[in-house]
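>>> heads up, no residue letters with this:
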């Protein structure tokens, strides 16, 4: 077995302190010589590494041509000094490009300075694009300039930045050290653009609604509370955009959506972060089945536009966006749990759930809660390929319209991929009397200690009293969608700056 070298942490810290001292001494000398790199305000960059690679043309030997002159800039990530000439690679927004720095080309003084610069420094240069004998497209510099000084060393070249905690806390270093991380966030941005294109092309209007509210509504969740000093009132960071968007449907907008941050004062795990991004959209004169078409169309459009395929690798499986299954919750529980809740009474349903090890709390011993808890405990984990589960119990759907054929159920669906809930949709409740009664039931639950129950929103009831057309509504978790499209297993990997516990001083 080969011997593994283990470094003493004290030695590592001493080495780092020495690096910091040397780099600051270099900066002090530059300042003393009137060459403070932090005073540079501009560099006229003409090309990125990608543009250079894409536009380069190989010329035949002896062919006359006008050399391509470019100005490039980026972070120096490697360097090889060879006497009177050196090679280095810089990392820019698109990738890396090699630069050839020769003393006779840039001048003796500039070359001597270049040799004192450090890995991590931001540099710029102008020169001719050529291909080296090794076949690498490079830039032979005529001028080179230090644009910004790096006072901290980058992670060791071959091992990169691997520590998970450090990667999340210092995302800026993570992006430098790990190109695949940068790719994740480029894909995220393109997904956001594709979602907007998909909806805009269907006549939807993007709007913005308040983040600070006097009532936390639109979802069952524990809110963050803050205080408005001028008004001397407590306010809540929004937990959903639903109630404001439906007010706009009342006001005459027929298709609206909002992409934005939500805030919920709840647990953190691989799928949950206290702040996260959703899209909510509402369309008049359609129902939850119309929203199913929107979900399937949006997911396919984003896959086609951003990735060029509908077969998405995720862990050790492949998700096929061309095939979507649809089941009622009763059908799903019957299939995976073996219990048929269809014609049960409350007492029979509670007993059946208990036989599966599910104990319902006092006040929740109903048919609907028994059905939902069996689904939540045993079915969700089975839903790997895209699946719509619809007809949810009224007890867990305070904002959804009841089914006309069974008042125990609502016209609601959630869709699941890889055993994860990805989005939620209703045929929206537009009966103000029914809505008020459900708000009161939620208020009673809150008074009994359910801190996730919804608050009474009198103004929303008033809006419904003016009349809201039949409406389909949909909410999708953007972060989980990005996890799927980028093959990431943790929500923190698709958030540039996830919530982290402060490091103890």
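Here it is on my side, so go on. Because the structure is predicted, anything quoted here is derived from the model rather than measured.
>>> Please identify the pairing partners of the longest strand seen in the chain and their relative orientation?
Secondary structure of the chain per DSSP state E: the longest strand is strand 69-82. Sheet pairing for strand 69-82, assigned by DSSP bridges, gives strand 85-91 (antiparallel), strand 122-131 (antiparallel).
>>> Can you name the element that comes right after the helix or strand containing residue 390?
Element membership of residue 390, judged by DSSP states H and E, is strand 387-393. Sequence-wise, the next helix or strand downstream of strand 387-393 (DSSP H and E) is strand 402-403.
>>> tell me what that following strand is packed against?
Taking 3 or more Cβ pairs under 8 Å, 6 or more residues apart in numbering; DSSP states H and E as contact, the helices and strands that strand 402-403 lies on are strand 406-417. C-beta here means a position set from N, CA and C on the backbone, and glycine is covered the same way.
>>> Let me know the angle separating the next helix or strand after the strand it packs on from strand 387-393.
Per DSSP H and E, the first helix or strand lying C-terminal to strand 406-417 is strand 420-427. Here the directions of strand 420-427 and strand 387-393 differ by 50 degrees (axes from the mean of the first three to the mean of the last three Cα atoms, to 10 degrees).
>>> so how far is strand 420-427 from its chain's centroid?
Put simply, strand 420-427 sits 18 Å off its chain's centre (Cα atoms, centre = their mean, to the nearest Å).
>>> That strand: partners in the sheet, and parallel or antiparallel?
strand 406-417 (antiparallel), strand 471-477 (antiparallel).
>>> nearest to residue 101, of the ones you listed?
strand 471-477 (48.4 Å; Cβ to Cβ).
>>> so how far is that closest one off the chain centroid?
The chain centre lies 18 Å from the centre of strand 471-477; the measure is Cα atoms, centre = their mean.
>>> List the buried residues for it?
The neighbour-count check on strand 471-477 (16 or more other Cβ atoms under 10 Å) flags 471-477 as buried.
>>> now stretch 215-233
In stretch 215-233, counting by 16+ other Cβ under 10 Å, buried: 215-221, 223-224.
>>> What mean pLDDT does it get?
The predicted model gives stretch 215-233 an average pLDDT of 93.
>>> now do the same end-to-end measure for it.
Chord length of stretch 215-233, first to last residue, is 11 Å (Cα to Cα, to the nearest Å).
>>> ok so, going back, which of the strands paired with strand 420-427 sits closest to residue 273?
strand 471-477 (10.5 Å).
>>> What lies in contact with the lowest-mean-pLDDT helix or strand in the chain?
The weakest-scoring helix or strand in the chain, judged by mean pLDDT, DSSP states H and E, is helix 9-32 (a mean of 83). Here helix 9-32 makes contact (Cβ atoms under 8 Å, 6 or more residues apart in numbering) with 36-37, 116, 118, 146, 149-153.
>>> So for that helix, what gets flagged as buried?
Residues of helix 9-32 classed as buried by neighbour count (16+ other Cβ under 10 Å): 23, 26-27, 30.
>>> can you put these in TSV and add distance to residue 324?
Formatted as TSV, the buried residues of helix 9-32 follow (distance: Cβ to Cβ, whole Å):
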residue	distance to residue 324
23	56
26	60
27	58
30	61
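>>> where does the stretch 201-350 of the chain have low pLDDT?
The model of the stretch 201-350 of the chain has no residue with pLDDT under 70.
>>> so where do the strands sit in it?
Counting by DSSP state E, counting those that start in this stretch, one finds strands in the stretch 201-350 of the chain at the ranges 205-206, 212-213, 225-228, 233-237, 255-263, 275-284, 311-314, 317-320, 325-328.
>>> Tell me which of those sits most buried.
Most buried of the strands of the stretch 201-350 of the chain by mean neighbour count (mean count of other Cβ atoms under 10 Å) is strand 275-284; its value is a mean of 22.
>>> Check the offset of that strand from the chain's centre.
The answer for strand 275-284 is 14 Å, by Cα atoms, centre = their mean.
>>> so what does that strand touch, helix or strand wise?
Taking 3+ Cβ pairs under 8 Å, 6+ apart as contact, the helices and strands that strand 275-284 lies on are helix 242-250, strand 255-263, helix 288-302, strand 471-477, helix 478-486.
>>> And the contacts of stretch 104-121?
Counting by Cβ under 8 Å, 6+ apart, 23, 26, 35, 37, 75-79, 81, 84, 86, 101-103, 123, 127, 140-144, 146, 148-150, 152-154 sit against stretch 104-121.
>>> ChimeraX command to pick out the buried ones of the residues you listed?
Selection command for ChimeraX covering only the buried members of those, criterion 16+ other Cβ under 10 Å:
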select :23,26,37,75,76,77,79,86,101,102,103,123,127,140,141,144,146,149,150,154
